[in-house]
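**Student:** Turn this into a structure:
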Amino acid sequence: MSAQTVDVRTAPHPPRPAAPPPRRPALLSRPRVRALRAHVGTVAGVVILAVLLWRLGTGVLLQGLRRLDAPSLSAALAIGLVTTVCSAWRWQLVARGLRIRLPLGAAVADYYRALFLNAALPGGVLGDVHRAVRHGQSAGDIGRGVRAVVLERVAGQLALTVTGTAMLLTLPSPVRAQALHLAPLVALAVVGALAVLLALHMNRAAPSRRGRALDRMLGEARAGLLSRRNGPGVALSSAVVLAGHFATFLVAARVAGCTAPVPVLLPLAVLALAAMGLPLNVGGFGPREGVTAWAFGAAGLGASTGVAVAVVYGVLSFVASLPGALVLVARRRTGGYAPAVPADVSSEKYGAKESARLASSSLPFSGVPREGRPMTPDSV
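**Tutor:** So this is what the prediction gives:
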């Protein structure tokens with residue numbers, strides 16, 4: 001054996017590669033977690049409906065449906081037209097405050113489509129997600145488009161909160177005593193939150209990334225909702241939309257055979273509308289029926305009557321959103337979408353590119369790849 005021969009038994013071995021990190025169990029994978037989170041609302045809505053049917057029977061669901069007639073359906077369509085146009089106008093005002101141009105005609109069509117998708121799909125928010133993403137794509141800024149929709153929905157919820165609180169405190173309702181006790185605590189919490197926001201806004205000595213994001217969010221909310229140019233229109237449209245929801249609820253109560261006076265029904269309508277804001281439903285049904293059954297029972301009108309009113313209200317709301325199905329079919333056939341170009345960006349920069357990009361995605365939840373990943377509602 002020559003001197004250059006190396007004994008493999010004594011030769012140093014190369015370092016072993018590091019062991020890969022342990023893989024997460026399949027049950028905790030990110031896709032499964034997202035799927036579970038997306039179906040929690042559907043499961044909750046099914047459970048609520050199952051409990052109501054078990055306790056009250058199927059007769060309460062059919063009691064009001066048998067009373068539906070052409071005048072009530074026509075009233076729902078007429079009220080829905082007014083509320084949808086006012087909601088689209090509010091969206092247009094908010095978008096203008098965020099420097100996004102949005103024609104009123106396109107806003108009305110997109111809002112009708114969003115209402116139909118909210119009523120037809122589980123969760124009750126996928127239509128708004130679709131509206132936000134598509135508007136952001138057409139504007140060349142998805143984040144700004146999403147924030148415009150979020151602020152528009154916040155305006156509606158603020159109108160419901162302010163008006164509903166006043167009604168619950170002044171009109172007889174099942175929760176009036178509790179509301180009177182909680183009102184000082186809620187007012188104190190609001191004042192404290194405003195004080196914290198004011199302190200953060202005034203403390204600009206060492207601005208951080210989070211502080212800049214908060215300032216930008218507050219600035220956009222002020223420009224979209226509270227400016228002298230947009231504030232009156234946003235308040236007026238929100239009041240008309242809320243009045244339309246109350247009118248639809250009163251029509252549903254009369255169709256279901258409830259003869260209670262309007263001052264008694266308005267606080268119950270507030271509770272039903274507040275429950276509808278929870279994304280825990282199946283096609284709009286779920287918490288609304290449960291809360292309405294409890295509220296009508298506590299008011300001495302009968303839980304079965306409350307369920308009947310809620311079911312009729314859901315049917316009337318779905319009928320009012322049916323023009324959105326026509327918009328959806330028309331948009332799928334043409335494959336087009338009216339681009340909303342930012343007011344501070346020239347149309348020559350985005351017009352041709354955005355039109356060609358959006359024409360390739362005509363399905364309701366389709367989206368073009370962005371940074372190598374497809375745009376889905378979960379990515380908003």
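**Student:** Quick one: neighbours of the residue nearest to Gly231 when sequence neighbours are not counted, just the number.
**Tutor:** In this structure, Gly231 finds its nearest non-sequential neighbour in Leu225, 6.7 Å apart by CB to CB, 6 or more residues apart in numbering. (C-beta placed from N, C-alpha, C; glycine too.) Residues near Leu225, counting by other CB atoms under 10 Å, number 21.
**Student:** For Leu225, give me the pLDDT.
**Tutor:** Leu225 carries a pLDDT value of 87.
**Student:** swap in Gly164?
**Tutor:** pLDDT, Gly164: 90.
**Student:** Quick check: which element contains it?
**Tutor:** Gly164 is part of helix 142-170, with elements assigned from DSSP states H and E.
**Student:** tell me what that helix is packed against?
**Tutor:** In terms of contacts (3 or more CB pairs under 8 Å, 6 or more residues apart in numbering; DSSP states H and E), helix 142-170 is packed against helix 70-97, helix 126-139, helix 176-202, helix 209-221, helix 231-255, helix 262-276.
**Student:** Mean neighbour count added to these, as a markdown table?
**Tutor:** Below are the helices and strands packed on helix 142-170 laid out as a markdown table (neighbours: other CB atoms under 10 Å):
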| stretch | mean neighbour count |
| --- | --- |
| helix 70-97 | 20 |
| helix 126-139 | 24 |
| helix 176-202 | 11 |
| helix 209-221 | 13 |
| helix 231-255 | 20 |
| helix 262-276 | 21 |
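**Student:** Looking at those helices, which is nearest to Ala325?
**Tutor:** Comparing the helices and strands packed on helix 142-170 by their distance to Ala325 (CB to CB), the top pick is helix 126-139, with 11.6 Å.
**Student:** hang on, the earlier thing: pretty sure the residue nearest to Gly231 contacts Ala155?
**Tutor:** Yes - at 5.7 Å, Leu225 counts as touching Ala155 under the criterion of CB atoms under 8 Å.
**Student:** list residues touching both of those two?
**Tutor:** Here Leu225 and Ala155 have 94, 234 as joint contacts, going by CB atoms under 8 Å, 6 or more residues apart in numbering.
**Student:** so where's the chain uncertain?
**Tutor:** Within the chain, the segments meeting pLDDT under 70 span 1-64, 123, 177-214, 279-285, 335-380.
**Student:** again, only this time at 80
**Tutor:** The model of the chain has pLDDT under 80 over residues 1-66, 122-124, 173-219, 277-286, 333-380.
**Student:** what's the spacing between Gly277 and Leu73?
**Tutor:** 25 Å (CB to CB, to the nearest Å).
**Student:** try Phe296
**Tutor:** Phe296 sits 23 Å away from Leu73, going by CB to CB.
**Student:** same thing with Ala119?
**Tutor:** Distance from Ala119 to Leu73, counting by CB to CB: 15 Å.
**Student:** And for Ala298?
**Tutor:** Per CB to CB, Ala298 is found 30 Å from Leu73.
**Student:** show me what contacts Ser173?
**Tutor:** Ser173 makes contacts with 167, 179, 267-268, 270-271, 295, 299, as judged by CB under 8 Å, 6+ apart.
**Student:** can we see that at 10 Å?
**Tutor:** Remark: with contacts taken as CB atoms under 10 Å, 6 or more residues apart in numbering, Ser173 is in contact with 164, 167, 179, 263-264, 266-268, 270-271, 295, 298-299.
**Student:** what kind of secondary structure is Leu301 in?
**Tutor:** For Leu301, the assignment made with DSSP: H, G, I helix; E, B strand; the rest coil gives coil.
**Student:** Just say helix, strand or coil for the closest residue to it other than its chain neighbours.
**Tutor:** Excluding the flanking residues, the one nearest Leu301 by CB to CB, 6+ apart is Ala260, at 5.8 Å. Put simply, Ala260 is coil when judged by three-state DSSP.
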